[in-house]
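Enquirer: Next input, structure requested:
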Amino acid sequence: MLIIPVERSVDWRRPPWITLGLMLACFLVFVFYQSNDSRLFQAALDRYLAADLDRLEAPVYETYLQRQINLQGEIERAGELNALRDAMSADERLWVAASLLADPGFYRYVEQNQGVLWASDERQYWQAHRIPIQQELIGQLSAFAAGLVPAELEVSDLMAYQFLHGGWGHLIGNLVILFMLGFTVERALGGGRFLIAYLLCGGASGLIWASFHWGEPVPLVGASGSIAGLMGMYVAIFGMQRIRFFYFLGVYFDYFKAPALALLPVWIAKEIYDYWFAGATGVAYLAHAGGLLAGAGMVWLLGKSWLQVQDSFFEPEDDAVDERFRSAYAQAMSRIGQLDFEQARLQFEALWERHPDRPVLLDHLYRLAKLRPDSEAYRTRTREVMQVAMAGHQTERMLEVWQEYQGKGQAHYPLSPEDHNRVFFASLRSGELKLAEKVFERLRACGNELLTLEACRLLAEEFEKREMGPKARHYRQLMDAPAGP
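Expert: Sure thing, here's the model as predicted:
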């Protein structure tokens, strides 16, 4: 059974770069660093078989498995014992050798008990051939060299093991869930704090797992402990809010909603149950439980200080924003249909304040203001529309709005010289010289000598380029004439 939270969707306008970087790091480590494992293990097999070490160790391994079953209570290893006996009877040396080399617990058992297992000459032979294979080849496999081995625990291994994986299935499964959880937690915490929290959760889950396997030589690899930490952080961030969860059971899957934190004890209980009753599956259940506790605990302890959730995280998602916008927009439009222009204006103003990226709202405000051309609001909206049009390189719209205002609102609330100057440059760039001359007259009437002289010079130069001598001379003469009112 798999249950994971899926409350948020990815906002690709703000990509989860740290999550994607962690995924890429795991992939590159597996493809380039761990790809050497198969060569090392094959070399170990060849040397092992060439030295006939399977003939020496196989009977001991049979006794070792019986010991683990009878004395240690590892009943699930009975299948391994039967398979070993069948392989020995069929003289399947390769299978036997691979099984012996892949069991670090057996090597440690032999290393500690070699004095009572074999006679002196057999022991010396084993030391001369088996120990070099272990040190030079098996010990260099990624799981032993960089994995988390409780018997040889190092601080660096608490970080390194999180980027190692046991196979393609293990890697792909972890990367999928890392992405599904990571982009939400990264958005909540911010990239830097997310990365630190992720690595700390992986380290904590590794320590918890190692404490239950203290002194054992079996390595731990994989990002699942860190990912469990993300799950713990995820539900702690949402608290008792009802969020969506995806579940997969056998061949059936669906979604359900529940308070986020309600799933935390369920997950932890499942991992502990599987640890005691699932048998030898190769899954580090206690690392998962440790990661869940570490992730949730970090948010609870540091959620109001270093690990505080960013305010932007609680902003509604695009779908919710769009739905709210459509509803409010429809209400404002219905007010216009009812000729309740004042209420429509108030609603559009509220929408425009919340959604400045939607110019259609400004267009409605402009049309509503235009109903009262003698109002200052009309000039204000005219300026805003011209600014938006200029920013969007909509020169035609800008010139159209300016001309309309000259006929309706200029006499009541004149535009400033700077407003006219912007329109003047826009008309020149678009080649609208007749309009540029009209704007020049308005600019001239404002009495701003500096802007007027600059506009006059530009008009003269433009007409000279077009070989329109009389026009050019007219503006040259205006430049030389005394400034008028």
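Enquirer: Lowest-scoring secondary structure element of the chain by mean pLDDT?
Expert: Using mean pLDDT, DSSP states H and E, the weakest-scoring helix or strand in the chain turns out to be helix 318-337, at a mean of 81.
Enquirer: Give me the helices and strands touching that one, please.
Expert: For helix 318-337, the helices and strands in contact under the criterion 3 or more C-beta pairs under 8 Å, 6 or more residues apart in numbering; DSSP states H and E are helix 341-354, helix 359-370. Quick note: C-beta positions are derived from backbone N, CA and C, even for glycine.
Enquirer: most tightly surrounded among those?
Expert: The highest mean neighbour count among the helices and strands packed on helix 318-337 belongs to helix 359-370 (a mean of 19), with neighbours defined as mean count of other C-beta atoms under 10 Å.
Enquirer: That one packs against which elements?
Expert: helix 318-337, helix 341-354, helix 376-391, helix 395-408.
Enquirer: where exactly do the strands run in the stretch 151-300 of the chain?
Expert: Chain-ordered strands for the stretch 151-300 of the chain, with DSSP state E, counting those that start in this stretch as the definition, fall at 242-249, 252-259.
Enquirer: Need the winner for burial among these.
Expert: Across the strands of the stretch 151-300 of the chain, averaging neighbours per residue (mean count of other C-beta under 10 Å) puts strand 242-249 on top, at a mean of 14.
Enquirer: What strands line up against that strand, and which way round?
Expert: Strand pairing for strand 242-249, determined by DSSP bridges: strand 2-5 (antiparallel), strand 252-259 (antiparallel).
Enquirer: Give me the below-cutoff pLDDT ranges for the stretch 201-350 of the chain.
Expert: Within the stretch 201-350 of the chain, the stretches with pLDDT under 70 are 279-280, 314-321.
Enquirer: So for L450, which of the strands of the stretch 151-300 of the chain sits nearest?
Expert: Among the strands of the stretch 151-300 of the chain, strand 242-249 comes nearest to L450, with 61.3 Å by C-beta to C-beta.
Enquirer: contact partners of the closest one?
Expert: Strand 242-249 is contacted by residues 1-7, 253-260, 263 when judged by C-beta atoms under 8 Å, 6 or more residues apart in numbering.
Enquirer: In JSON lines: the helices and strands packed on helix 359-370, plus distance to D37.
Expert: Supplementary listing: the helices and strands packed on helix 359-370 in JSON lines, determined by distance: least, C-beta to C-beta, whole Å:
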{"stretch": "helix 318-337", "distance to D37": "44"}
{"stretch": "helix 341-354", "distance to D37": "56"}
{"stretch": "helix 376-391", "distance to D37": "57"}
{"stretch": "helix 395-408", "distance to D37": "64"}
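Enquirer: The ones you listed: which one's closest to R47?
Expert: Between R47 and the helices and strands packed on helix 359-370, the shortest separation by C-beta to C-beta is 59.8 Å, and it involves helix 318-337.
Enquirer: Would you mark the buried spots in the closest one?
Expert: Of the residues in helix 318-337, those scored as buried under the neighbour-count criterion (16 or more other C-beta atoms under 10 Å) are A328, Y329, A332, R335, I336.
Enquirer: And stretch 416-436, by the same measure?
Expert: 417, 419-428, 432-433, 435-436.
Enquirer: From the chain's centroid, how far away is it?
Expert: Its chain's C-alpha centre lies 47 Å from the corresponding centre of stretch 416-436 when counted by C-alpha atoms, centre = their mean, to the nearest Å.
Enquirer: Mind exporting the C-alpha coordinates of it to PDB?
Expert: What follows is stretch 416-436, C-alpha atoms only, in PDB (Å, rounded to 0.1, in the frame of the first residue of the first chain):
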ATOM      1  CA  SER A 416       0.800  67.100 -18.100                       C
ATOM      2  CA  PRO A 417       3.600  68.100 -20.500                       C
ATOM      3  CA  GLU A 418       5.300  64.800 -19.700                       C
ATOM      4  CA  ASP A 419       2.200  62.900 -20.800                       C
ATOM      5  CA  HIS A 420       2.100  64.700 -24.100                       C
ATOM      6  CA  ASN A 421       5.800  64.200 -24.500                       C
ATOM      7  CA  ARG A 422       5.500  60.400 -24.200                       C
ATOM      8  CA  VAL A 423       2.700  60.500 -26.800                       C
ATOM      9  CA  PHE A 424       4.800  62.700 -29.000                       C
ATOM     10  CA  PHE A 425       7.800  60.200 -29.100                       C
ATOM     11  CA  ALA A 426       5.400  57.300 -29.600                       C
ATOM     12  CA  SER A 427       3.800  59.000 -32.700                       C
ATOM     13  CA  LEU A 428       7.300  59.800 -34.100                       C
ATOM     14  CA  ARG A 429       8.400  56.200 -33.700                       C
ATOM     15  CA  SER A 430       5.300  54.900 -35.400                       C
ATOM     16  CA  GLY A 431       5.600  57.400 -38.300                       C
ATOM     17  CA  GLU A 432       2.400  59.300 -37.400                       C
ATOM     18  CA  LEU A 433       3.700  62.800 -38.200                       C
ATOM     19  CA  LYS A 434       0.300  64.400 -38.500                       C
ATOM     20  CA  LEU A 435      -0.500  63.200 -35.000                       C
ATOM     21  CA  ALA A 436       3.000  64.200 -33.800                       C
END
